[in-house]
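Asker: Next come a sequence and a model predicted from it.
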Amino acid sequence: MHHRLSRRAAAFAFAALASLAAGLPVRPAAAQPVTPIKFVLDWKLQGIHAWYYLAEDKGYFAAEKLAVTIDQGDGSAAAVTKVMAGAYQAGFGDVNAIIQNAVAKPGTAPVMVYMIYNRAPFALIVKSTSPIRTLKDLEGKTLGTVAGGAASRMFPVIAGKGGVDAAKVKWTNVAPNLQEQMMLKDHVDGSAVFSVTSYMNLVAQGIDPDKDIRWFHYGDLGVELYGNGVLVSQKLVKDNPQAVAGLVRAIHKGLRDTIANPDAAIAALMKREPLLNKDLEKRRLMYTLKTVMLTPEAAAIGLGDVSDARFARSLIQVQEAFELPRVPTAAEVFDRRFLPPLAERKVAAP
């Protein structure tokens with residue numbers, strides 16, 4: 001039986017043959033457009049960013065018809081403001097900065113769509129030889145902090161729960177790259193730090209952070225805050241929700257694969273920044289997974305999500321610590337509509 005081509009099909013076939021003859025590429029009749037997304041990290045490239053590059057190398061972004069450009073950042077809070085300013089459509093930043101901006105500039109703050117740090121990595125560090133063994137011992141002591149640091153701003157929360165008179169604790173501002181050194185050289189009695197950064201800074205200085213340092217993790221002391229995650233602009237959510245869902249799926253797959261094979265993830269990172277210390281960055285990645293990501297709560301609710309009850313309490317803690325005029329609603333800050341099904345986000349209990 002003979003089949004006759006429709007005029008439209010015949011025209012396309014003729015055009016394809018003409019293109020081949022001219023050496024031009026043939027494009028599908030209905031190719032799905034690729035969405036460009038500019039994505040900003042919270043800091044310079046480190047092991048805690050490896051899953052983004054593993055996702056890129058495995059084609060997860062391309063499979064979602066996304067062209068993701070990943071730039072280094074200069075702070076977890078700065079990632080939030082850069083997305084607010086429109087320079088980026090998405091980023092890896094601090095949910096607590098979103099909370100503050102949701103109050104200060106309602107309607108313009110980005111929203112968190114995939115929570116990565118199940119615990120905010122805030123901590124106080126002192127030398128293991130220090131007489132400071134409990135929070136109460138901090139009274140009369142001097143602690144170092146970066147100017148405006150979130151760990152120092154949240155100190156009253158753990159002070160109140162530990163029976164500490166916060167007014168009896170002195171603070172001094174130090175440069176971010178000197179936080180550990182100032183403490184090690186006894187210029188301050190302790191420092192309020194971002195644990196996943198400080199841990200490896202100590203390692204790089206020849207200090208064993210597990211033996212030589214005493215840690216007071218805020219997450220163990222009553223601070224219920226979450227930390228960094230994937231955030232997107234409200235404009236992207238409104239204009240292209242499919243792209244948001246695709247971005248979340250791709251990053252989740254990259255993170256899932258990183259947990260299964262950390263070495264592959266670090267290899268992807270090293271391709272972008274060969275001068276990094278591979279062993280140090282793998283250790284940073286593993287420490288971060290262990291301490292702030294793969295928690296019992298994450299095992300229960302899956303990667304990327306939050307506990308509604310805990311999140312509500314964290315909103316109040318941020319409001320009180322930063323003296324915000326109101327407590328934002330959870331919906332202003334976190335949007336779980338784009339999360340993959342729970343079965344895909346389950347992780348083993350630590």
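Answerer: Thanks, I have the structure now. Numbers count the residues shown, from 1 in each chain.

Asker: mind giving me the domain ranges of the chain?
Answerer: Per the record's domain assignment (automatic domain parsing), the chain is made up of the domains 35-118+226-345, 122-220.

Asker: most packed of these?
Answerer: Mean neighbours per residue, mean count of other CB atoms under 10 Å, is largest over the domains of the chain for domain 35-118+226-345, with a mean of 19. No exception for glycine: its C-beta is placed from N, CA and C like everyone else's.

Asker: Just the terminal-to-terminal distance for that one.
Answerer: The distance separating the two terminal residues of domain 35-118+226-345, taken as CA to CA, to the nearest Å, comes to 25 Å.

Asker: repeat for stretch 148-158
Answerer: With CA to CA as the measure, the ends of stretch 148-158 fall 17 Å from one another.

Asker: all strands for the stretch 201-350 of the chain, in order.
Answerer: Taking DSSP state E, counting those that start in this stretch, the strands of the stretch 201-350 of the chain run over residues 213-217, 228-232.

Asker: contact partners of the top helix by length along the chain?
Answerer: Looking only at the chain and at elements set by DSSP state H, the helix with the highest residue count is helix 241-260. Where contact means CB atoms under 8 Å, 6 or more residues apart in numbering, the residues beyond helix 241-260 that reach it are 35, 37, 50-56, 58, 60-61, 63-66, 68, 90, 113-114, 116, 230, 232, 236-237, 264-265, 285, 289, 294, 303-304, 337-340, 344-345, 347.

Asker: From these, which land in helices?
Answerer: The helices in this structure, assigned by DSSP H, contain 50-56, 60-61, 63, 236-237, 264-265, 285, 344-345 from the contacts of helix 241-260.

Asker: For S191, list each beta-bridge partner.
Answerer: Beta-bridge partners recorded for S191 (DSSP bridges): I125, G144.

Asker: actually I70, not the one I typed
Answerer: Going by DSSP bridges, I70 is paired in beta bridges with F39.

Asker: these two touch, right, it and L54?
Answerer: No - using CB atoms under 8 Å, I70 and L54 do not qualify as a contacting pair, with a distance of 11.9 Å.

Asker: Okay, E139 and V83: tell me how far apart.
Answerer: According to CB to CB, to the nearest Å, E139 and V83 sit 40 Å apart.

Asker: Repeat that for T288.
Answerer: From T288 over to V83 (counting by CB to CB), the distance is 22 Å.

Asker: Just the pLDDT for the nearest residue to A348 once chain neighbours are set aside.
Answerer: Taking CB to CB, 6 or more residues apart in numbering, and ignoring the residues beside it in sequence, A348 has A299 as its nearest neighbour in space, at 6.5 Å. The score at A299 is 96. That number is its pLDDT.

Asker: Might one say that A299 is in contact with V347?
Answerer: Yes - counting by CB under 8 Å, A299 does reach V347; the two are 5.5 Å apart.

Asker: How about residues contacting stretch 93-111?
Answerer: Applying CB under 8 Å, 6+ apart, the external contacts of stretch 93-111 come out as 40, 42, 73, 76-81, 83-84, 90-91, 112, 115, 120, 150, 225-229, 231-234, 237, 314-315, 318-319, 322, 324-326, 328, 332-335.

Asker: how does it look with 7 Å?
Answerer: By CB atoms under 7 Å, 6 or more residues apart in numbering, the residues outside stretch 93-111 that reach it are 42, 76-77, 79-80, 83-84, 112, 115, 120, 150, 225-229, 231-234, 237, 315, 318, 322, 324-326, 328, 332-335.

Asker: What of stretch 140-156?
Answerer: Residues lying outside stretch 140-156 but in contact with it, judged by CB under 7 Å, 6+ apart, are 96, 122-124, 132, 166, 168-174, 176, 179, 182-183, 188-194, 218, 223, 321-322.

Asker: Out of those, list just those in strands.
Answerer: Members of the contacts of stretch 140-156 lying in strands (criterion: DSSP state E): F122, A123, L124, K170, W171, T172, N173, G190, S191, A192, V193, F194.

Asker: which pair in the residues you listed spans the largest distance?
Answerer: When these are compared pair by pair using CB to CB, the farthest-apart members prove to be K170 and F194, with a separation of 20.9 Å.

Asker: hey, where'd the strands end up in the stretch 1-150 of the chain?
Answerer: Chain-ordered strands for the stretch 1-150 of the chain, with DSSP E, counting those that start in this stretch as the definition, fall at 35-40, 66-71, 90-94, 111-115, 122-127, 142-145.

Asker: how about those strands, which one is nearest P274?
Answerer: Closest approach to P274 among the strands of the stretch 1-150 of the chain (CB to CB): strand 66-71, 16.6 Å.

Asker: export the closest one as CSV, just CAs?
Answerer: Taking only C-alpha atoms (Å, rounded to 0.1, in the frame of the first residue of the first chain), the coordinates of strand 66-71 have been written out as CSV:
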residue,chain,number,x,y,z
LEU,A,66,17.6,23.9,31.8
ALA,A,67,20.8,25.8,31.0
VAL,A,68,22.1,26.5,34.5
THR,A,69,25.1,28.9,35.0
ILE,A,70,26.6,28.5,38.4
ASP,A,71,28.6,31.4,39.9
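
Asker: So which other helices or strands are in contact with it?
Answerer: Judged by 3 or more CB pairs under 7 Å, 6 or more residues apart in numbering; DSSP states H and E, the packing partners of strand 66-71 are strand 35-40, helix 241-260.
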